[in-house]
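1. Following is a predicted model, sequence given first.
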Amino acid sequence: MRLEVGTFPVQHVSFGSQTRYEDGHLQVNKAALLAAVCRDPRIASADLELAFPGESVRIWPVRDVIEPRIKVEGAGVVYPGACGRPITTVGEGRTHRLAGMGIVEVSRVNWHDAGGDFVEICLDMTGHWSEMIPQSKLINLCLVVEPDPGLGNEAQNDAVHKAALVVNDHVAAATRHLTPPQREVFALHEADPSLPKVIYIWCVHSPQAMSGSPTAFCTMTYGLTQLTPPWFLHPNEILDGALSGPYRTAFAMSWTIVNNPVLLDLYRRHGIDWQFVGVIALRTEWTTQHEKQLMANQTAKLAKLLGAQGAIVTWDAGGNEFIEVVRTIQACEQLGIKTVFLTSEDDATEAAPTMLEPLPEANAIVSTSFFKSKTLEIPDLPPVERVIGLQQKAIGPLRDQFVPTAGSLPPPPRYDDHYGFGSLSCIEY
Amino acid sequence: MISAIYNLALTTGANRVVRGARIEHVCGDPHLGPEKDYAFGMRIVRTALEAICTPVHEPTLFDPLEHAVPLEVSHAS
């Protein structure tokens, strides 16, 4: 599998009479694009706004940030399977990406109806919260979109995410016939066999158990979110968006998946420091001990059969999902696979460990900080001049108080730097 | 402690751990229908009551499906 990724750096975005890319300047035909979005009868309202780094702007509520990509050679489409897109296996040919910008999906639609798990993410374009979130450093093309309120929750999720993908396809198409200023070829070419074989075990949440639906909206594998046995993916498939869509933190989004530094560093050092075997995508939030242990056993078995001598494990969730994650590490270690765990930590309340089930086999852990904003003592976000999206936000345990989103706000409750994007540092004293 | 993730309860040192059904329905199984769900729930609870009365020396698992608990149903009236 050989994939050439052509990068078009974006230094400026503006609205204009046509959608085109030239010398780092993306011009977007807003009217044509909104007409394309509204062709879906499920869309009740849609608007596009721009947010630039350093502006006194808050984007709320943010469901997803998508990096504009398009497949220009080879089979399939980017972000395959999402919202009914083709499920042809991707990862070959040439894909173009617009770097330095994001498409922000802004909508009041919640992930599912089952309670809890509210969309709680906002992006600030200036201030301390912006410094902590990589997408705040992008030029953001925000699609503020609401579906027909009469639709069921899953149809609403499908409609607004599909609308964001319409924006992706329209914007990225501007590069279709252009020569990329930067090119990078990704392939798992034959490497020095004396280098150790390393696999990436990428755990992704499934909303199936808590929502009660196997088709609830979340991070998708070729469109699927249900609890399924581990998937073996070529990293090129991921660069084409085979894993895409958001969960509930700023670090679990379509943009962070294709830009995941763990994936890219493992890939770029293939044949230099190790042999990169590929990615096992493991669904989490199985709901019995047996299921959790079974997934751990099968993931480790798959890694072993693929020849892995080392593994890196990340996850994007919290709570009981830790069990299948840490048991996977244990099972890998028991099969002789040296395993490193990249994770955030819970607060150290009293004598409780900062991880749910500390196991002796999980003996190489890299922490990306605490995941609760409260533990990190992140100050309230300052007032802003302009809000893109909803002008009010529900707060409080009962979500029955409303505050203006342009004012000072508590930070989103979770930080969760799943893949090590972070800019936080720590001083021991 | 009744827990679907019983190993976690054991490794964190709970003395008596009863194996529950699933995280989303620890003390029963709505897929069984009302009567069997009730009987299953009763079995779990009775196992828990039996566990409380059993001396233990270390974290110990009580599995409702392995414990011969009388399954008579009592109706409060």
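-> Yep, that arrived. Numbering: from 1, shown residues only, chains lettered A, B, ... in the order given.
2. Mind naming the longest helix for the chain?
-> Picked chain A for this. Secondary structure assigned by DSSP state H gives helix A:153-172 as the longest helix of chain A.
3. that's the wrong chain, I wanted chain B
-> Max-length helix for chain B by DSSP H is helix B:34-52.
4. hmm, that helix touching chain A?
-> No: Helix B:34-52 stays clear of chain A (CB under 8 Å from any CB of the partner chain), getting no nearer than 13.6 Å. From N, CA and C alone the C-beta is placed, and that goes for glycine too.
5. Look up how far A:R269 lies from the nearest residue to B:R43 once chain neighbours are set aside.
-> Leaving out its chain neighbours, the residue that sits closest to B:R43 by CB to CB, 6 or more residues apart in numbering or on different chains is B:P64, at 4.8 Å. Distance of B:P64 to A:R269, given as CB to CB, to the nearest Å: 51 Å.
6. Who has more neighbours out of those two?
-> B:P64 (23 against 14; other CB atoms under 10 Å in any protein chain shown).
7. what mean pLDDT would you report for the longest helix of chain A?
-> On average, the pLDDT along helix A:153-172 is 98.
8. Which is the succeeding secondary structure element to that helix?
-> Where DSSP states H and E defines the elements, the next helix or strand beyond helix A:153-172 is strand A:182-187.
9. In CSV, list the C-alpha atoms belonging to that next one.
-> Extracted in CSV, the C-alpha atoms of strand A:182-187 (Å, rounded to 0.1, in the frame of the first residue of the first chain):
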residue,chain,number,x,y,z
GLN,A,182,4.8,19.5,-0.5
ARG,A,183,4.7,15.7,-1.0
GLU,A,184,5.3,12.9,1.4
VAL,A,185,5.1,9.2,0.4
PHE,A,186,3.8,6.8,3.0
ALA,A,187,4.5,3.1,2.6
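10. Determine the set of other helices and strands touching the following helix or strand past it.
-> Later in the chain than strand A:182-187, the nearest helix or strand by DSSP H and E is strand A:197-205. On a contact count with 3 or more CB pairs under 8 Å, 6 or more residues apart in numbering or on different chains; DSSP states H and E, strand A:197-205 meets helix A:261-268, strand A:275-284, helix A:289-305, strand A:310-314, helix A:321-334.
11. got the CA positions of the helix or strand following strand A:197-205 in CSV?
-> Per DSSP H and E, strand A:197-205 leads on to helix A:208-211 as the next helix or strand towards the C-terminus. This file holds the C-alpha atoms of helix A:208-211, laid out as CSV (Å, rounded to 0.1, in the frame of the first residue of the first chain):
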residue,chain,number,x,y,z
GLN,A,208,-23.0,1.3,21.9
ALA,A,209,-23.4,0.1,25.5
MET,A,210,-24.3,3.4,27.1
SER,A,211,-26.6,4.7,24.3
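12. Residues contacting helix A:208-211, please?
-> A:111-114, A:116-117, A:214, A:216, A:225-227, A:285-287, B:22-24 (CB atoms under 8 Å, 6 or more residues apart in numbering or on different chains).
13. What of stretch A:419-429?
-> Contacts of stretch A:419-429 (CB under 8 Å, 6+ apart): A:131-132, A:134, A:251, A:256, A:260-263, A:314, A:342, A:366, A:368-369, A:376, A:417.
14. Pick out the most distant pair among the residues you listed.
-> Maximum pairwise distance in the contacts of stretch A:419-429, criterion CB to CB, is 25.3 Å, between A:L263 and A:L376.
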